[in-house]
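> The amino acid sequence is not available; the structure is as follows:
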């Protein structure tokens, strides 16, 4: 049977290097464990010394910690490599064997250790973090613009609900699509395309005047941004060593929190300023909430620009037998980091790296006689088949149990988190509504004749009233209901109404001039000789109602409360382990949900929301780190995409279910959230610990 790995050797130039041949890392010459990896300081002839170190006596140079008995960092790395090599020999001696995938993973880990952690990783950290921030912003956009958009585009309750869910639907499709493609096409390339789609359609959605176009553009924007989470974590993790992976992936999660803060802050600062918009007649309106939609695309644009200057993942390239490209990128990482640390004389000493043979081959037919479209179709169908096979491999015997456990944990965590994220602000709005309703003014059987209403009416109910020869001019009528009333010889002019209805009323010889009172405002009414002149077409924003500062503040505080949990999880992810972090955080969050039974005021709900968000974020961080580490490179982004798509499905279900119980009961949402968190937390404790696991 042929060896599934082939040694592709990248020959370095010999100028300045003498005739020395560097020993490979492993057992030595002739050993079976020889990687194409060389020691940090290869033996060099005196004439071949670097110009940077010319004139220095190496024997006189001593590591400053040597006097205190502190080992040199290079000695620590060498000891770690020796330990891994000993473990492999022990496995072979015990006839347990060691797979070639593990050899490649160990070799790559050793190379990344010598490349170091520095400027390159921090630059990539910011670039990928901005992409993650764009994902966080996208989850808040519709919630903030909905109060204004529903008035601007005349949305019904059914349309409002669809608009709230369409983003999650797009993100679910995007996560599955881009996650699968990233394992076959490349992390960087897929992330660039996904972000470009998001930015283009987010821009177009801000100018869409109709509900249908706005819905379609937000769906496409969600499909684009849905690919960021599975690709970002897979991409960034493949530039990290084992000892840095848990901590720095947890720090990366903070960008999602920053996305929530950015969305809350910009919504608070932009949407209430209606003067920032403009209009072109009655057909094109560009209000301030549309400016906010544009501002929310900025993190994605910034990440897209940064990715242009970043390389592809060398781990992905090695999996696809692109040895030379991977070698060049690893050398770039090495040189960037060591130059930034003031050691430009450090030489990248890797000359050969094992790469696996590709199992999948693109099928090319009719290359000479077929059209370009036919060849493109063949490539596309082949790629789709490979992606589907990769998805199905997640339920193969070796990964079936792991995928099942991870699917349940992702689903239960998302079901509880996103459900409560909708329930908290909806409960606050409901409490505000109850308080508002408690102050309603009731007018019964009033008779008003020859009166001029030139003041606004708000939060009133008029029953069995009679209005004869009255004028209603240039006023706002907000949350007013007329029941079983008579309007005779009345005149309405320049009326702006919100939540105002006429029910079972009789309206005679009355004129409505330049008002927004339409047929839907008159429920079971009798209209006799009534005229509507120059009615206001379409829907119009209410300049006061749509911007409740408390809603912005709630989202801001909820995002800010994540900060302590992020810091704690980053500092202790590698110390206490991923599994304990996930299980402990989910169980503590489950305990917090029980205190929601004691929330009878807006302040109490805000406090428990902050506590829940702060305790649950550690579980999110742990889940994302474990997902990266449990799956091999060839399936990592695919698995992350499938699990993230399942997460968005849970968000769609929980948002609909939890919202339906607002104002009815809070027992069912709390019990559902508690049960989901306990189930997921206990199951998480059964997962294998991965903090000392090489990226396969």
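Nice, thanks for sending it over. All values derive from a computational prediction rather than experimental measurement. Residues are numbered from 1 along each chain as shown.

> Check which residues of the host helix or strand of residue 431 are buried.
Using DSSP states H and E, residue 431 sits in helix 400-437. By 16 or more other C-beta atoms under 10 Å, the buried positions in helix 400-437 come out as 402-403, 405-431. (Each C-beta comes from the backbone N, C-alpha and C, glycine too.)

> Pick out the residue closest to the middle of the chain.
residue 135 (3.5 Å; C-alpha atoms, centre = their mean).

> Surely residue 591 forms part of a helix?
Yes. Membership of residue 591 in a helix is supported by DSSP: H, G, I helix; E, B strand; the rest coil.

> how far away is it from residue 224?
For residue 591, the distance to residue 224 (C-beta to C-beta, to the nearest Å) stands at 38 Å.

> Can you give me the neighbour number for residue 269?
Number of residues near residue 269 (other C-beta atoms under 10 Å) recorded here: 13.

> right, I mislabeled it, should have said residue 314
Close neighbours of residue 314, defined as other C-beta under 10 Å, add up to 26.

> Run through the residues that contact it.
When contacts are counted by C-beta atoms under 8 Å, 6 or more residues apart in numbering, residue 314 touches 108, 238, 325-327, 329-330, 333.

> Give me the nearest residue to it, chain neighbours excluded.
Spatially, and ignoring its direct neighbours in sequence, residue 314 is nearest to residue 326 (4.0 Å; C-beta to C-beta, 6 or more residues apart in numbering).

> In this model residue 317 seems to touch the one you found, though I could be wrong.
Yes. The pair residue 326 / residue 317 is scored as a contact, 4.0 Å apart, by C-beta atoms under 8 Å.

> where along the stretch 201-350 of the chain do the helices fall?
211-225, 228-237, 242-252, 254-270, 288-295, 298-307, 314-319, 323-340 (DSSP state H, counting those that start in this stretch).

> Show me which parts of the longest one are buried, residue by residue.
When you say that, I think you mean helix 323-340. Neighbour-count burial for helix 323-340 [16+ other C-beta under 10 Å]: 323, 325-327, 329-331, 333-338.

> just checking, what packs against whichever strand in the chain runs longest?
Ordering each strand of the chain by length in residues (DSSP state E) puts strand 471-483 first. If contacts are counted by 3 or more C-beta pairs under 8 Å, 6 or more residues apart in numbering; DSSP states H and E, strand 471-483 sits against strand 452-453, strand 457-463, strand 491-498, strand 501-503.

> switch the cut-off to 6 Å
For strand 471-483, the elements it packs on are strand 457-463, strand 491-498, strand 501-503, judged by 3 or more C-beta pairs under 6 Å, 6 or more residues apart in numbering; DSSP states H and E.

> how far out from the middle of the chain is the last one?
This means strand 501-503. A distance of 44 Å separates the centroid of the chain from that of strand 501-503, by C-alpha atoms, centre = their mean, to the nearest Å.

> Show me what counts as buried in that strand.
Across strand 501-503, burial judged by 16+ other C-beta under 10 Å covers 501-502.

> Contacts for that strand, please.
The contact list for strand 501-503 (C-beta atoms under 6 Å, 6 or more residues apart in numbering) reads 481-483, 521-523, 525.

> With stretch 162-173 instead?
Applying C-beta under 6 Å, 6+ apart, the contact partners of stretch 162-173 are 142, 215, 218-219, 222-223, 226, 645, 648-649, 651-652.

> would you list the residues you listed in CSV and tack on distance to residue 682, pLDDT and neighbour count?
Converted to CSV, the contacts of stretch 162-173 look like this (distance: C-beta to C-beta, whole Å; pLDDT from 0 to 100; neighbours: other C-beta atoms under 10 Å):
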residue, distance to residue 682, pLDDT, neighbour count
142, 34, 81, 20
215, 40, 88, 18
218, 37, 90, 25
219, 36, 91, 19
222, 32, 91, 29
223, 34, 93, 24
226, 29, 90, 32
645, 24, 92, 22
648, 24, 91, 26
649, 22, 93, 19
651, 22, 90, 24
652, 25, 90, 19
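
> Check the residues you listed against residue 563 and report the nearest one.
residue 651 (22.3 Å; C-beta to C-beta).

> Which of the buried residues of helix 323-340 scores worst on pLDDT?
Across the buried residues of helix 323-340, the member with the lowest pLDDT is residue 323, scoring 83.

> For residue 453, give its distance to residue 559.
Residue 453 is 44 Å from residue 559, by C-beta to C-beta.

> more crowded one of the two?
Ranked by neighbour count (other C-beta under 10 Å), residue 453 and residue 559 place residue 559 first, with 23 against 18.

> My read is that the more buried one contacts residue 256, right?
No. In this structure, residue 559 is not within contact of residue 256 by C-beta atoms under 6 Å, at 8.9 Å.

> Need the overlap of contacts for those two.
Common neighbours of residue 559 and residue 256 (criterion: C-beta under 6 Å, 6+ apart): none identified.

> And for residue 158, the neighbour number?
Residues lying near residue 158 (other C-beta under 10 Å) number 8.

> quick one: which helix or strand includes it?
Assigned by DSSP H and E, residue 158 belongs to helix 157-182.

> Could you check the angle that helix makes with helix 400-437?
Between the axes of helix 157-182 and helix 400-437, defined by axes from the mean of the first three to the mean of the last three C-alpha atoms, to 10 degrees, the angle is 150 degrees.

> shaky segments in the stretch 501-650 of the chain?
Low-confidence segments of the stretch 501-650 of the chain (pLDDT under 70): 537-548.

> That one: helices as residue ranges?
Counting by DSSP H, counting those that start in this stretch, the helices of the stretch 501-650 of the chain are 549-560, 562-576, 578-594, 602-630, 636-660.

> Format those helices as JSON lines; extra columns: distance to residue 268.
JSON lines is the format used below for the helices of the stretch 501-650 of the chain (distance: least, C-beta to C-beta, whole Å):
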{"stretch": "helix 549-560", "distance to residue 268": "4"}
{"stretch": "helix 562-576", "distance to residue 268": "18"}
{"stretch": "helix 578-594", "distance to residue 268": "27"}
{"stretch": "helix 602-630", "distance to residue 268": "16"}
{"stretch": "helix 636-660", "distance to residue 268": "23"}
